[in-house]
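Novice: what follows is a predicted structure for the sequence shown.
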Amino acid sequence: MLIELQGQLERITYHNEENHYTIAKLKVKGQRALVTIVGCLVSMTPGEVLRLKGSWDAHPKYGEQFKVVSYETVTPATVKGIERYLGSGLIKGIGPVMAKRLVNKFGLETLDIIEKDVERLKEVEGIGEKRIDMISAAWAGQKEVRDVMLFLQGHEVSSTYAAKIYRQYGKASISVVKENPYQLADDIFGIGFLIADKIAGKLGIPKDSEMRAEAGILYVLRKLADDGHVYYPYEDLIAESMKILDIDTGIITCALKKIAAAHRVVIEDSAVYLAEFYAAEVGIAVSLKTILDTQKSIICLDGDAALKSVQEELKINLAEKQIQAVSESLDKKVMVITGGPGTGKTTIINAILRIYRRSGWRVLLAAPTGRAAKKMSEAAGCEAKTIHRLLEFSPKSRGFRKNELERLDADLIIIDEASMVDTVLMYHLLRAVRPEAAIILVGDIDQLPSVGAGNVLKDIIESDRIPTVRLNKIFRQAKESMIIVNAHRINSGEFPYITADRASPRDFYFVELEDPEKVLGMIIHMCRNRIPERFGFHPLNDIQVITPMHRGIVGASNLNAALQKELNASPAKELQRGGRIFKTGDKVMQIRNNYDKDVYNGDIGRIASIDRETQEVTVNFDGRPAAYDFADLDEIVLGYAVSVHKSQGSEYPVVVMPLLTQHYLLLQRNLLYTAITRGKKLVVIIGTKKALGIAIRNNKQQLRYTRLKKRLKD
């Protein structure tokens, strides 16, 4: 027989976002000690009054607990209860201070007034029309979100996403989920096919339904795009889809034909593209051909004189390859300059920039990431933008303002770190370039390819259609850096200099340790004590841990948790979301492009504030604040440690990197080379020589399916 229990929720001890299993403390009238309750509780907030049904259970370790079978929320009956309920962050616009003012004014009537006569809140100091609108919307939304959450709870959707689902669909949330749960995977970041598929199964959608097959194929193609593929071979796609869907080939083939007829995918010969990737790849080839075939808007009459003059101005003597690069930039419409660190790419950019600007021509500088653009600005002495900012994203149209209808106002566009530019971004960039303008792509072809789909810079170079200057000479000043010397040694398949007599002055260190736990301890010691004390670098602002893996003891997830604990241990506001803790002062990284916020995948910032009243977290990205609603916090992760891919395009004063044989599948030469070249003043590798040797010997790069090279050749 079930027992009924009622009380006020005092605190939540534990909550699993995935299955909603909760351990909490309840204050029950007439009992001095708090009661421990356990069970599946959705979106509970301290201060709420709960009416529970369940049974008592004696836990061998934790003692007596009340196991919840069902529950409902009850309006708090005391002034103190109402104050705590409202001050918990449940209602946007009401924090602890405002909650106190409200109950001081309205007492037990507070909740009724919010519900039925919200305009009366103006009687309270600090509440105006704007805040009333916020409170009113949040109150109504909170009730509806609770209904959505309770519905989704039975269909295995994390409560983290319930607010997002409600924000996307509003009152239609439940009907959308019932009608086509796979729509969630398309519309909402963080809800992928696998979660949507679980919901569909609970709703009774057959495993072999056409709807499921179509959604599954699109999911597989998007997952393959995340792995870098612009298209995937037809037969291989069928096989991959079968693994995920576990249904008959015939159903998958029919579903593929249907989504092709709806123009969601494009089938070209034996290649299957998501429609947007097909348009982007074809668009790059067409745009480059148009630019190459159009007369240049500027003609430099005397290249020799320009070269002589710029060398005198910069007080340098350009090397042979540098002279070739500058000379070709004066008459070629499109060209590539590629080379490793210390080979003079920045010097070439500065020389080209001065020649063009002296002649009165309009030049734009851009790079794929904020940090790369900032580095380019500092080196060139003039503004460089991210490509996204250059193209001016419009939240209203959900597209770039700069395109073939309104092109970039420039005679020359120079793109740095071009190896990072993926297929879709390159397409949008090129369609905004005036046909008569010139474009120079500068990058290191030996780094990892872009995080997004494609291998654009490599395909452009290997097509042999675009003039390319390869820089291979390391200049004298660069030779003094063992970071640069060792990067080039690794890139050519040689073991780096790691002994003290060869690495002088010391800016490259190798610490030999094999046990992952000891490596973790050494990384913490290096970041917290050793490097700051010996070299004067700031633990958060200057040191970046870069790791090949996401999981494991020295993977990004565990490193972040350990480094947060050690480097941001001071008392600070904190917030727990989805099993993660965010604190003011935390170093965080954006993990998806958010055009509305002007923040992009891989950007690193610091948490400036956590406001429970407005339910916002503000992150400072290099001086630019970005506000995140609590429901959007899955867009950021801790950034004390990042993957090598996420570090691309950035430079850090100090790089610390674990390298162990447990990373075997990820030990590749270009990955190690990319990580080392992120370090500007100091690089410390902690691991084994065996792992270092495996990475250097493994020069096999991961295959990416792309037809850009072929399109350019044709």
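Specialist: Structure received. Numbers count the residues shown, from 1 in each chain.

Novice: how about Ile607, nearest residue that isn't a chain neighbour?
Specialist: Asp586 (4.6 Å; Cβ to Cβ, 6 or more residues apart in numbering). Placement of C-beta: from N, CA and C, glycine included.

Novice: same thing with Leu682?
Specialist: In this structure, Leu682 finds its nearest non-sequential neighbour in Val654, 4.5 Å apart by Cβ to Cβ, 6+ apart.

Novice: residues contacting the one you found?
Specialist: Ile531, Phe535, Phe537, Asp542, Ile543, Gln544, Gly679, Lys680, Lys681, Leu682, Val683, Val684 (Cβ atoms under 8 Å, 6 or more residues apart in numbering).

Novice: give the contact list for the last one.
Specialist: So that's Val684. Val684 sits in contact with Tyr509, Phe510, Val511, Met526, Ile531, Val654, Val655, Val656, Met657, where contact means Cβ under 8 Å, 6+ apart.

Novice: one more: the second one?
Specialist: The neighbourhood of Phe535, defined by Cβ under 8 Å, 6+ apart, consists of Val654, Lys681, Leu682.

Novice: cutoff 10 Å now
Specialist: Neighbouring residues of Phe535 by Cβ atoms under 10 Å, 6 or more residues apart in numbering: Arg506, Asp507, Asp542, Ile543, Pro653, Val654, Lys681, Leu682.

Novice: am I right that the residue nearest to Leu682 is in a strand?
Specialist: Yes - assigned with DSSP: H, G, I helix; E, B strand; the rest coil, Val654 falls within a strand.

Novice: what residues are bridge-paired with it?
Specialist: Ile543, Leu682 (DSSP bridges).

Novice: what subset of the contacts of Phe535 is buried?
Specialist: Asp507, Asp542, Ile543, Pro653, Val654, Leu682 (16 or more other Cβ atoms under 10 Å).

Novice: which of these lies closest to Glu383?
Specialist: Closest approach to Glu383 among the buried ones among the contacts of Phe535 (Cβ to Cβ): Pro653, at 23.1 Å.

Novice: now do the contacts for the spatially most central residue of the chain.
Specialist: For the chain, Ile591 is the residue whose C-alpha lies nearest the centre (Cα atoms, centre = their mean; 1.1 Å). Shown in contact with Ile591 (Cβ under 10 Å, 6+ apart): Phe189, Tyr600, Asn601, Gly602, Asp603, Asp634, Glu635, Ile636, Val637, Gly639, Val642, Lys646.

Novice: any idea how far the residue nearest to the second one when sequence neighbours are not counted is from Arg401?
Specialist: What sits nearest to Tyr600 in space, not counting adjacent residues and going by Cβ to Cβ, 6+ apart, is Asn593, at 4.9 Å. As defined by Cβ to Cβ, to the nearest Å, Asn593 lies at a distance of 16 Å from Arg401.

Novice: helix or strand with the lowest mean pLDDT in the protein?
Specialist: helix 476-479 (a mean of 65; mean pLDDT, DSSP states H and E).

Novice: continuing past it, what's the next helix or strand?
Specialist: Tracing the chain past helix 476-479, the next element assigned as helix or strand by DSSP states H and E is helix 482-491.

Novice: the residue nearest to Tyr600: neighbour count?
Specialist: Close neighbours of Asn593, defined as other Cβ atoms under 10 Å, add up to 17.

Novice: could you verify my assumption that it touches Gly370?
Specialist: No - look at Asn593 against Gly370 with Cβ atoms under 10 Å: they stay out of range, at 11.9 Å.

Novice: need the residues touching each of these two.
Specialist: Shared contacts of Asn593 and Gly370 (Cβ under 10 Å, 6+ apart): His388, Val599, Tyr600, Gly602, Asp603.

Novice: which one is the last one nearest to, not counting chain neighbours?
Specialist: Closest residue to Asp603 in three dimensions, ignoring its sequence neighbours and counting by Cβ to Cβ, 6+ apart: Gln590, at 4.5 Å.

Novice: quick one: that neighbour from Val654, how far?
Specialist: 22 Å.

Novice: strands along the stretch 151-300 of the chain, start to end?
Specialist: Ranges of strands within the stretch 151-300 of the chain are 231-233, 265-268, 271-274, based on DSSP state E, counting those that start in this stretch.

Novice: the strands in the stretch 351-500 of the chain, which residues?
Specialist: With DSSP E, counting those that start in this stretch as the criterion, the stretch 351-500 of the chain has strands spanning 363-367, 385-386, 393-394, 399-400, 412-415, 438-443, 468-471.

Novice: tell me which strands the longest one pairs with, and in which orientation.
Specialist: Same thing as strand 438-443. For strand 438-443, the paired strands and their directions (DSSP bridges) read strand 334-339 (parallel), strand 412-415 (parallel).

Novice: mean pLDDT for the ones you listed - can I get that in a markdown table?
Specialist: As requested, the strands paired with strand 438-443 are exported to a markdown table (pLDDT from 0 to 100):
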| stretch | mean pLDDT |
| --- | --- |
| strand 334-339 | 94 |
| strand 412-415 | 95 |
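
Novice: from what I see, Gln31 and Gly7 are in contact.
Specialist: Yes - between Gln31 and Gly7 there is a contact under Cβ under 10 Å: 8.2 Å.

Novice: looking at those two, which one has more neighbours?
Specialist: Shown here are Gln31 and Gly7; by other Cβ under 10 Å, Gly7 has more neighbours (21 against 11).

Novice: how about whichever strand or helix holds that one: buried residues?
Specialist: Gly7 is part of strand 3-15, with elements assigned from DSSP H and E. For strand 3-15, a neighbour-count test (16+ other Cβ under 10 Å) marks Leu5, Gly7, Gln8, Leu9, His15 as buried.

Novice: among these, which one has the lowest pLDDT?
Specialist: Minimum pLDDT across the buried residues of strand 3-15 is recorded for His15, with 72.

Novice: that one pairs with what?
Specialist: Under DSSP bridges, the beta-bridge partners of His15 are Thr22.

Novice: among the shared contacts of Asn593 and Gly370, which pair sits farthest apart?
Specialist: Largest separation among those by Cβ to Cβ: His388 and Gly602, giving 12.0 Å.

Novice: overlap of the contact sets of these two?
Specialist: Counting by Cβ under 10 Å, 6+ apart, the residues touching both His388 and Gly602 are Pro368, Thr369, Gly370, Asn593.

Novice: tabulate those (JSON lines), appending pLDDT.
Specialist: Below are the shared contacts of His388 and Gly602 laid out as JSON lines (pLDDT from 0 to 100):
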{"residue": "Pro368", "pLDDT": "89"}
{"residue": "Thr369", "pLDDT": "83"}
{"residue": "Gly370", "pLDDT": "81"}
{"residue": "Asn593", "pLDDT": "81"}
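
Novice: who wins on neighbours among the residues you listed?
Specialist: Pro368 (30 neighbours).

Novice: count of neighbours near the closest residue to Pro206 other than its chain neighbours?
Specialist: Leaving aside its sequence neighbours, Pro206 sits nearest to Arg212 (Cβ to Cβ, 6+ apart; 7.4 Å). Using other Cβ under 10 Å, the number of residues around Arg212 comes to 23.

Novice: for Lys374, same thing?
Specialist: 17.

Novice: who's in contact with the closest residue to it other than its chain neighbours?
Specialist: Spatial nearest neighbour of Lys374, excluding adjacent residues (Cβ to Cβ, 6+ apart): Asp622 at 6.6 Å. Going by Cβ under 10 Å, 6+ apart, Asp622 touches Gly370, Arg371, Ala373, Lys374, Asp603, Ile604, Gly605, Arg606.
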